[in-house]
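A.B. asks: Prediction below, plus the sequence it came from.
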Amino acid sequence: EQVDPRAAALMVQADDALEAGQPQRAIDALEAAFAVDPQYTPILIALAEASRREGLQGKAIRYYREALTRDPGNYEAIAGEGAAMVEKGAVERARRNLAQLESLCGSSCPQTEELARAIAQGPKDKTPDAILPT
């Protein structure tokens, strides 16, 4: 996939904003990048990651699901969606993502290990939130 150069520049701005601890600024840049190049799936995954950092797990899950609609075997999207589910308290649903990752890339795949760690740590606030986007 080729990314529009303008979208690529906005993605760099978003990375800089995340490194500076400014997830909302990153989201703004990524939303602009998505408007420029809506077909470039990595923008969706970056939007999901920035949304998670901003505490918007439901929004992140929607972005991951859109990425998975485009690319059902995307390891980053499967792992990220699972981690966001854990953060919302939907650990059992996250385990399904973990099983899917294990079948696709094995137990030593970085994304599998990342999601397994997130599940082991459990939800951040320990309060289950079963309301997930459909």
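C.D. replies: Happy to help now that I have it.

A.B. asks: which other helices and strands contact the helix or strand where residue 7 lies?
C.D. replies: Secondary-structure element containing residue 7, defined by DSSP states H and E: helix 5-19. Packing partners of helix 5-19 (3 or more Cβ pairs under 8 Å, 6 or more residues apart in numbering; DSSP states H and E): helix 23-36, helix 41-53. C-beta: built from backbone N, CA, C; applies to glycine.

A.B. asks: which of the residues in that helix are buried?
C.D. replies: Neighbour counts using 16 or more other Cβ atoms under 10 Å place 7, 8, 10, 11, 13, 14, 17, 18 of helix 5-19 among the buried residues.

A.B. asks: Quick check: the gap between the last one and residue 119.
C.D. replies: Looking back up the chat, that one is residue 18. Using Cβ to Cβ, to the nearest Å, one obtains 24 Å as the distance from residue 18 to residue 119.

A.B. asks: what ranges of this protein fall below the confidence cut-off?
C.D. replies: Counting by pLDDT under 70, the chain has low-confidence residues at 125-134.
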